[in-house]
Structures are given as C-alpha cells and as structure tokens.
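Chemist: Provided below for reference: sequence and predicted model.
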Amino acid sequence: MKKKIFTFLGICILGQGILFSQKKLPVIKANSISVDIKDGNTLKKNAWNIVPEEKLDVYTTSSKKVTFYTDIDSISFKIDPKKEYNFIILLKGKDSARTQIKYVPSRLEILKGGEKYNFSDQRLVPKFTYQSKENEDLKKIRKELRLDSIAGKGNELSQIFNLMHWVHNLVRHDGSSNNPTLKNAVDLIKVCKAENRGVNCRMLATILNECYLSMGIKSRYITCMPKETNFDDCHVINMVYSKDLKKWIWIDPTFDAYVMNEHGDLLSIQEVRERLTKGLPLVLNADANWNREYLQTKQDYLENYMAKNLYRMQTPLESEYNTETWKEGKKVTYVELLPLDGIEQTPQKKQETNTETGVSFTYYKTNNPDLFWTIPE
C-alpha cells in the first residue's frame, strides 16, 4: 500500500515538474492558426501554421534573428547557431503548441565549406571530346530546326544567346515530367509539341547542347548537385566555350540565365562558384525567368538554389548527339568534380551495366578543377 502511495506521489511530482518547466517557456497568444515569420530581413507571410497536435514543431533558420508574428502577438530571438529556442503558442486561449527554432547552416555556408579542391590531383581522367558539326545527325538538327536562321548572322556571343533564348521560349520547363524515350533535340522538341508538354532541366540542356554542337560551338551539359548523395532536386545547365572570349560561360536554358561580374564580364560555372564561396559580386541578367512567368533574383537563383547545386558537378566525357538515349550495348562515361570536403571520394573509377537497358556506364571522380574545366582544343 505504501509503495503505491509513493509511486502516485512520484508521478504527481514529476507531472508538476513538467508543468513547471513548460511555464518557464515564453508564451505568445494567437487566435488564428496562420503565423508570419520574419527570417533575417525577409518577411514571410503565412509561413507557418500552428498545430497543437504536434509534440514539437520545429522551424529551421540560417538567419541571425527570427520573429514569429501571430494575429495578436509576437516573439523574437537572436539566433546562436549552438542553441535551440523553445516557446509556446497558445491558440484561442486553450490549445498549446510547443514550437522550436533551430539553426541549420545555409546552402551557401555548406558550399563555402566545400571551397577547397586539389589542383595537384592527377588521377586519370580521359580527354573530353566534342562531336564535329559535320556529323550527319548534327547536320540534320541544324537543317530541321533551321538553326542558322535562329542563331542569326551576328557575332559568336549573339548566336550563343539567341539559341538559349529560343530553346527557353520554345520548350516549357516541367521538373516533374518523365523523360521521353528518344533524348535528342529534334525528337524532344517533337514530343513536346505533339503532347503539349514540357521537359525537365536535363532535357532542356540536352536540346541546347546539341544545338550548339550542330553550329560548331563547343559545349557540355553539367549536372549540378548538392553535397548529399541522396537528394530530390538538382539542376542541369550548359557550359559553353566562347572562342572570342577564350573561356567557358554559364548558360542556363531553364531560367534563360547567364551570370556576370560587377564589370559586366560573362562568367563561367567555375567562376560563379568561386565568387559565391568568397562573397564576391555577382550579377544575374535582369530578364532571367522561369517559363516566362516568374523573374529570378540573384538571391533566390544564385545564393539559394544554385549555391545548393554547385557543390559537386558531373558531365559526360563525350559531348555528342543522343548521349542519353539508351540502347543495348551503348557505353557512356561521366566525370564528376567534387571538393575535398565531398562525401564519397572513392572509388575514383567505377563501372556498371544497367540490366534493364543493357547500357554500360563508367564514372570517374576528380578533385582537380583544371582537369574538369579544361579548355577544348
């Protein structure tokens, strides 16, 4: 009997302790479930819903200060990356929602952590190649798509930009779409017209890459990926070599985008990444947009989205027609550039065959940007 009484008393004391600890947490009141959040200097309207049923609702931030605004109250915290901030939102005077603000590093901070490469890495990476515009398939693309007319008779850069604008305006981006079976410029454009559909960024970059090659402009498409090896989103853009400028330049058909420094000089993917990690000025073209519906800003496109996706990069070794149309016996080689902070550094060379398609893949890794961004001959 005494044992049961002591047990009951222990539960009561423990319960009082829990209540007491909750009373010590800051409390703000709300009548509406919708909350505005000022994250750093950005005010996010209706950014949060109060859910009392949740045991703990966690809001993550990379900012130095966060303010929650309910319809009748507010609370602010100066954020220390090493701490967590707990408080209670009391909804309609009766339902308590325990809420936590937790710091996570921004994608730009993660990218800065991957700044270092090894320029002395001489592990074997085969020579990159670019298909000649005299290839019959590329000549067919040039003729059927009337690329001479689209590119125009201006200088090299005007032709590069004319082709990018044309692909961007012709084919809608749809990141959730399935890839067509035939993955070359002519067939991708045909299926989009016939089915009134869009394609993902990889297919847009494939179309543009083949258009450039067919015009004698050397280019590759680059898969830009985050640090983690399992991810739901990456982005594919083009690196295009300008003979006039004697350098690679950043070309993105999905967002009709290119990037410059503060002097208006066009930048390569490598230069954009380096400037992001060093905090140097970057200028995004003013008309960069998604599907001609939403303009892009430097902060959203470069400092958030592309900072996430510039951690490591992969490209086909051979830039050519129909690279990713799979058929039995086909062989495809990819090269990945990753920083010294990258998660999976080995194996440096891996080979595998897809049992469903019969396609053989070879993958190389390098920490040396000079090998990855080598100038075409």
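Modeler: Noted; the coordinates are in hand. The shown structure was predicted, so the numbers you read here are calculated from the model rather than taken from an experiment. Residues are numbered from 1 along each chain as shown.

Chemist: what about Ser360, how many neighbours?
Modeler: Residue crowding around Ser360 was assessed by other CB atoms under 10 Å; the count is 14. Glycine gets a C-beta too; all of them are placed from N, C-alpha and C.

Chemist: looking at it, it is touching Lys350, isn't it?
Modeler: No: if you go by CB atoms under 8 Å, Ser360 and Lys350 don't touch, sitting 11.5 Å apart.

Chemist: what's the overlap in contacts for the two?
Modeler: Taking CB atoms under 8 Å, 6 or more residues apart in numbering as the criterion, Ser360 and Lys350 do not both touch any residue.

Chemist: Could I get the full set of strands for the stretch 51-200 of the chain?
Modeler: In the stretch 51-200 of the chain, the segments counted as strands under DSSP state E, counting those that start in this stretch are 57-61, 65-69, 74-78, 84-91, 95-103, 129-130.

Chemist: could you dump those strands to a markdown table with mean neighbour count?
Modeler: Below are those laid out as a markdown table (neighbours: other CB atoms under 10 Å):
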| stretch | mean neighbour count |
| --- | --- |
| strand 57-61 | 15 |
| strand 65-69 | 18 |
| strand 74-78 | 13 |
| strand 84-91 | 18 |
| strand 95-103 | 17 |
| strand 129-130 | 16 |
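
Chemist: Let's have these in a markdown table, adding distance to Ser268 and mean pLDDT.
Modeler: Putting the strands of the stretch 51-200 of the chain into a markdown table (distance: least, CB to CB, whole Å; pLDDT from 0 to 100) gives the following:
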| stretch | distance to Ser268 | mean pLDDT |
| --- | --- | --- |
| strand 57-61 | 32 | 97 |
| strand 65-69 | 36 | 98 |
| strand 74-78 | 39 | 97 |
| strand 84-91 | 40 | 97 |
| strand 95-103 | 33 | 97 |
| strand 129-130 | 16 | 98 |
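
Chemist: what is the closest residue to Phe372 other than its chain neighbours paired to in the beta sheet?
Modeler: The spatial neighbour of Phe372 that comes closest, neighbours along the chain excluded (CB to CB, 6 or more residues apart in numbering), is Leu337 at 4.0 Å. Listed beta-bridge partners, Leu337: Met313, Thr366 (assigned using DSSP bridges).

Chemist: Any chance of a markdown table for the strands of the stretch 51-200 of the chain, columns distance to Ile237?
Modeler: Conversion of these to a markdown table gives the following (distance: least, CB to CB, whole Å):
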| stretch | distance to Ile237 |
| --- | --- |
| strand 57-61 | 28 |
| strand 65-69 | 33 |
| strand 74-78 | 38 |
| strand 84-91 | 37 |
| strand 95-103 | 31 |
| strand 129-130 | 17 |
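
Chemist: For Lys116, which non-adjacent residue is spatially closest?
Modeler: Taking CB to CB, 6+ apart, and ignoring the residues beside it in sequence, Lys116 has Leu340 as its nearest neighbour in space, at 4.8 Å.

Chemist: what's the answer for Cys234, then?
Modeler: Leaving out its chain neighbours, the residue that sits closest to Cys234 by CB to CB, 6+ apart is Met225, at 4.6 Å.
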